[in-house]
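# sharing a model that was predicted from the sequence below.
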Protein chains: 2
Amino acid sequence: MQRARGSARRPVMLAIAGDSAAGKTTLTKGLVECLGEDRMTAVCADDYHRYDRTERAGKPFTALHPDCNHIDIMEQHLQLLSMGEPILKPVYDHATGELVRPELVTPRDFVIVEGLLPLHTRLARACFDITVYLDPPEELRHSWKVQRDCDKRGYRPEQVRAELARREPESAAYIRPQRRSADIVVRFAPVADRADPPGTPLSAELLLRPTIDHPELAPVLEAVTSPAGESHRETAMHLRLHRDTDGRPVDALHVHGYVRPEESQIIKKAIWDRVDRSAGAGRHLDPAALGRYAGGTSDPLAITQLLLLYHLLDADHRQAA
Amino acid sequence: MQRARGSARRPVMLAIAGDSAAGKTTLTKGLVECLGEDRMTAVCADDYHRYDRTERAGKPFTALHPDCNHIDIMEQHLQLLSMGEPILKPVYDHATGELVRPELVTPRDFVIVEGLLPLHTRLARACFDITVYLDPPEELRHSWKVQRDCDKRGYRPEQVRAELARREPESAAYIRPQRRSADIVVRFAPVADRADPPGTPLSAELLLRPTIDHPELAPVLEAVTSPAGESHRETAMHLRLHRDTDGRPVDALHVHGYVRPEESQIIKKAIWDRVDRSAGAGRHLDPAALGRYAGGTSDPLAITQLLLLYHLLDADHRQAA
């Protein structure tokens, strides 16, 4: 989903869409830390609520519903950011459920917009250079949401589960349809039918749609899996041509949680080299920031973030050219 | 200050600039009531404070200083309104001194923007079809501010006077220079050297700059003053060619507070006819809303508002043509 860009001063825009507690903030955080806060602005697009918590209580929809949000203002702000203009962004206080003092956001070279509905409308989608949808299994997302909302927002588990049930029709109607607008669909999940030791990170499945130019990974992955010829290694990391649920062709990159460091290092280095070749910018990055999550570090997460960094720097490079 | 207008759906934009308590709200209120809230949106442009009252206490400037305000966001919002787009406008709570939940403003056919700095920058000025600066004598404005801030904002008179003194350098540097960017400069003041009975409304002096096309008032006024030939009547309402303080030529329309209803009626009818002729819109207006102020009703104020209505409807008419 490439955007025509006029001026060299426009930021590169990345959308990370997904349902509540799908992992948007974790993915975003590593990108910001690796590129540096001086070059990257992260914006949460979930503050465009039309009503505060008290007002919402009387409405027939949840906070997920587009009618519950100032979608037109979100679109306007995305357009402004994509043109390099500052915005005065509304702020919703999750602790109190109130809409509070807005904050000035000045876009830097790279802007990540993460949220529930950043890909809901055509105009919003048109503001992005790269679009990502986070698509964990619902069961896993529910457990993440219970944990997060109880730990950080003071709810009880049964309250969170009731809210998830109440939101489900709107998740289905408005959040999940954004999956089809993403250049990259990211699914973190345990591998089925495996009993990995406790602490094994989740595997990543990345659907790479041909709507943007991905780095060529097939030769790299062949080099990893071929020499030894061991069948279990063949499955630790692989790229497969695949039909998506809607029948469209995609490349599916699997990086399993049990991938060995010496294997994952090969693909990391390959992407890293492309980042460097494309933008000469690798030396300004902090690779140690990649792959961090609440439970430790994860190679599948690090590789996902690295691929997004490749796209960010590549878009910036092509724009400057 | 006419703006090139592309689409027929763009609102007509009127700026009313002036220092604190210069009478902006009184002037605006009559216009909104006469045209109707369904056709007119009034926006106060003083909510773009960068700091709340507590934060401002430590700063070397007052709320009047452009650096104390998000001028770039104000410009952006004025541009959006002028294109008929909604904005999420920041809100400053004068009672608590806090920046609170922003509000959605959707522009109707006519937008009045009143505030301290709407004409401060070139880009802001370019958003308006008609620009007004309210220029009462400073002594009068100070007394209005003391009264208003004590009645409605809970200050003591000596606090307000101290604040006025603190603000004076910034009034001189940033507020008053906007006078020269106005199409119409409005000065309500008592007439010098007259002892009018208590309750006589203030006189209005309107400088009509040739930056927009004013209705031809000279023949109308001649008809009022000539027949009787009484010298005191000659001074109750007149139009004089005049050099402004900067040497630029202007028409100066004086409407004295002691004007008799049968005289003021003639000029009101003349402007009203032009409103009707220009836009056929007179029948949708409520003339009874004009001239109202805290102390009663004022013919000079009504005539000022009528002239602004003429310009609003004329701009709308020309845009539709």
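Perfect, I can see it now. Just so we're clear, the structure is a prediction, and the values are computed from it rather than from any experiment.
# helices or strands up against the longest helix seen in chain A?
Looking across chain A with DSSP state H, the single longest helix is helix A:299-320. For helix A:299-320, the contact count by 3 or more Cβ pairs under 8 Å, 6 or more residues apart in numbering or on different chains; DSSP states H and E identifies strand A:12-18, helix A:24-35, strand A:130-134, strand A:184-189, strand A:203-208, strand A:249-255, helix A:261-279 as packing neighbours. Using the backbone N, CA and C atoms, a C-beta is placed for each residue, glycine as well.
# if we use 6 Å, what do you get?
Judged by 3 or more Cβ pairs under 6 Å, 6 or more residues apart in numbering or on different chains; DSSP states H and E, helix A:299-320 is in contact with strand A:12-18, strand A:203-208, helix A:261-279.
# which SSE is immediately downstream of the longest one?
As assigned by DSSP states H and E, the chain's next helix or strand after helix A:261-279 is strand A:292-293.
# hmm, who's touching that next one?
Contacts to strand A:292-293, defined as Cβ atoms under 6 Å, 6 or more residues apart in numbering or on different chains, come from residues A:26, A:30, A:301.
# describe which strands it pairs with in its sheet and in which direction.
Strand A:292-293 pairs in its sheet with strand A:296-297 (antiparallel), by DSSP bridges.
# distance from the partner strand to the middle of the chain?
When C-alpha coordinates are averaged (Cα atoms, centre = their mean, to the nearest Å), strand A:296-297 and its chain have centres 18 Å apart.
# which residues does the residue lying closest to residue A:297 once chain neighbours are set aside contact?
Leaving aside its sequence neighbours, residue A:297 sits nearest to residue A:291 (Cβ to Cβ, 6 or more residues apart in numbering or on different chains; 4.5 Å). For residue A:291, the contacting residues are A:297-298, A:301-302, by Cβ under 6 Å, 6+ apart.
# now do residue A:298
Residue A:298 touches A:201, A:291, counting by Cβ under 6 Å, 6+ apart.
# related to what we said a few turns ago, give me the angle between the longest helix of chain A and helix A:24-35.
Orientation of helix A:299-320 against helix A:24-35 (axes from the mean of the first three to the mean of the last three Cα atoms, to 10 degrees) gives an angle of 60 degrees.
# can you list the residues that contact helix A:299-320?
Helix A:299-320 is contacted by residues A:5, A:12, A:30-31, A:110, A:129-130, A:186, A:201, A:203-204, A:215, A:255, A:257, A:259, A:264, A:271, A:274-275, A:278-279, A:281, A:290-291, A:293 when judged by Cβ under 6 Å, 6+ apart.
# try it again at 7 Å.
If you take Cβ atoms under 7 Å, 6 or more residues apart in numbering or on different chains as the criterion, helix A:299-320 is touched by A:5, A:8, A:12, A:14, A:27, A:30-31, A:34-35, A:109-110, A:129-130, A:132, A:186, A:188, A:201-204, A:206, A:212, A:215, A:255, A:257, A:259, A:264, A:267-268, A:271-272, A:274-275, A:278-279, A:281, A:285, A:290-291, A:293.
# return the set of buried residues in that helix.
A:299-317, A:319 (16 or more other Cβ atoms under 10 Å in any protein chain shown).
# any low-confidence regions in chain A?
Scanning chain A for pLDDT under 70 picks out A:1-9, A:223-235, A:278-283.
# close to chain B: what parts of it are there?
Within chain A, the positions lying close to chain B (Cβ under 7 Å from any Cβ of the partner chain) are A:70, A:72-73, A:76, A:80, A:85-86, A:88, A:90, A:99-102, A:104.
# what about 10 Å?
Selection of chain A residues close to chain B by Cβ under 10 Å from any Cβ of the partner chain yields A:48-50, A:52, A:70, A:72-74, A:76-77, A:80, A:85-92, A:98-104, A:106.
# which of the residues you listed are buried?
Counted by 16+ other Cβ under 10 Å, those give A:48-50, A:52, A:70, A:72-74, A:76-77, A:80, A:85-92, A:99-102 as buried.
# brilliant, that's me finished.
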